[in-house]
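Sequence and computational prediction follow.
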Amino acid sequence: MNAKRLIFIIACVLALPLHGQQNLESAYRTTGPAVTAVFEPQRAVLQTSSAVILGGRKEMSYGIVISADGHILTKASELEGLDKISVTVDRTNYKDVRILATDPQWDVALIKIDATDLLPVVYAATSEVPHGTWVVANGATSRTTRRALAGIVSAKVREIPAAGGAALGVVLNVKGKLLEIEEIADGSGAQQAGLEKGDVILTIEGTEIKKIEDIAEVLKDRKAGSTVKVTYRRGKREFTAEVRLTSKGELFNDTMNRNDMMSGDYSKRRSGFPRVMQHDILGSSRVTGGPLLDLEGRCIGMNIARANRAESFAIPVEDLKALAERLMKQVAGPPPETE
């Protein structure tokens, strides 16, 4: 019934004369109340099965409730640097929040709140839907009420390669036959792994590193989000660390193209995903992390990046389910041995 009402509204808009379309009342625009009211059943699902991630009093992102006892998936990079995290589900705020696991490849974190009787999302059967299919996601929210925004699926499910390829996130200084770290990019895998200025890179994945070209050769087929073993020397001691690779474009490219200049807010990480659904729902980078719903209120994906003014990316439901299961098994640990 709601879909029929939406089609009726759109038909009325298309039937207007040209001057009427140019002066369309705000209530009948995509984000207007006459349109969003059509999606009240989906908004009700967002109310109970999506979570608002707060840093202090500020909304940082959204999340997806995947278990009745408080397991939630969210965008991992939005949690970085937050000292105080709380989570709101429906109208209840939970202040005891634990980060259980992260997946750097997908930029997803599994967090846990102490809750009971939550309503997990219901997964859709497939993300393979026709272009133009209506989808619904979180918009801006009040302290107590979720808001729905609607759009359409606008491209085929596909990989989004890392912009510029994968990198350790360091600037190196060549000293004879040694490669010494001169600078470490903020938010890079190298910084997170504890590497420091002055460390000397010895090997990556067991390959001896004597020149910068050696690093390029080791990393050429690797993707952002994957990890490599880096052996380095600090003073007279050697250490080995697991370093997450990051997109070069996101680490070192501070320039904006013309499209970015017109796009307004977009996600810091918006590339380097194995597969994404693309849709055109308007929103800022802070509305990532929550569920993307179909018209039945089922979760068809997880919003993971606001790419630009016309494109948003979501993890397809097939990949999302597999990721959720893997992270849950990871935190549960191996099954007990039987005698």
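Done, it's in.

Confirm residue 309 sits in a helix?
No. Counting by DSSP: H, G, I helix; E, B strand; the rest coil, residue 309 is not found in a helix; it is coil.

in this protein, which segments are predicted with low confidence?
Counting by pLDDT under 70, the chain shows low-confidence ranges at 1-23, 27-28, 30-31, 252-264, 334-339.

Please parse it into its domains.
Split into domains by automatic domain parsing, the chain comes to 40-161+261-331, 166-251.

Dump those to a markdown table, plus distance to residue 32 and mean neighbour count.
No exception for glycine: its C-beta is placed from N, CA and C like everyone else's. As requested, the domains of the chain are arranged in a markdown table below (distance: least, CB to CB, whole Å; neighbours: other CB atoms under 10 Å):
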| stretch | distance to residue 32 | mean neighbour count |
| --- | --- | --- |
| domain 40-161+261-331 | 11 | 19 |
| domain 166-251 | 34 | 17 |
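
what about the ones you listed, which gets the closest to residue 24?
With CB to CB, the closest approach to residue 24 among the domains of the chain belongs to domain 40-161+261-331: 15.4 Å.

Helices of this protein, residue ranges please.
2-15, 18-22, 33-36, 40-49, 189-192, 212-219, 248-252, 258-263, 317-332 (DSSP state H).

First-to-last residue distance for stretch 193-200?
14 Å (CA to CA, to the nearest Å).

Tell me which residues are up against that stretch.
170, 178-184, 230, 232-234, 241-244 (CB atoms under 8 Å, 6 or more residues apart in numbering).

Pick the one among those closest to residue 119.
Using CB to CB, the contacts of stretch 193-200 come closest to residue 119 at residue 244, 33.3 Å.

What distance do you get for the closest one to residue 326?
To residue 326, residue 244 is 17 Å away according to CB to CB, to the nearest Å.

Who does residue 53 form a beta bridge with?
For residue 53, the beta-bridge partners under DSSP bridges are residue 61, residue 87.

Test my guess that it contacts residue 76.
No. In this structure residue 53 lies outside contact range of residue 76 using CB atoms under 8 Å: 10.9 Å.

Return the residues in contact with residue 54.
Taking CB under 8 Å, 6+ apart, we find residue 54 in contact with 60, 85-88, 93.

what about stretch 78-94, start to end distance?
End-to-end for stretch 78-94, by CA to CA: 18 Å.

Of all residues in the protein, which one is nearest the centre?
Centroid-nearest residue in the chain: residue 304, 2.7 Å away (criterion: CA atoms, centre = their mean).

Residue 316 is in contact with that one, correct?
No. Using CB under 8 Å, residue 304 is not in contact with residue 316, being 10.3 Å away.

and the gap between the residue nearest to residue 92 when sequence neighbours are not counted and residue 131?
The shortest distance from residue 92 to any residue other than its chain neighbours is 7.6 Å, reached at residue 115 (CB to CB, 6 or more residues apart in numbering). According to CB to CB, residue 115 and residue 131 sit 38 Å apart.

do residue 58 as well
Counting by CB to CB - residue 58 and residue 131 are separated by 36 Å.

now swap in residue 40 and tell me
Relative to residue 131, and taking CB to CB, residue 40 is found at 25 Å.

Got the phi and psi for the residue nearest to residue 92?
Dihedral angles of residue 115 (phi, psi; degrees, to the nearest 10) stand at phi -140, psi 160.

Straight-line length of stretch 107-121, end to end?
By CA to CA, the extent of stretch 107-121 from end to end equals 20 Å.

How far off centre is that stretch?
Distance of stretch 107-121 from the chain centroid (CA atoms, centre = their mean, to the nearest Å) equals 16 Å.

Same question for stretch 316-328.
On the basis of CA atoms, centre = their mean, stretch 316-328 sits 14 Å off its chain's mean C-alpha point.

Got phi/psi on residue 56?
According to degrees, to the nearest 10, residue 56 has phi 70, psi -120.

Run the angle between the lengthiest strand in the chain and helix 40-49 for me.
When the chain is parsed with DSSP state E, its longest strand is strand 148-160. Angle of strand 148-160 versus helix 40-49, following axes from the mean of the first three to the mean of the last three CA atoms, to 10 degrees, is 70 degrees.
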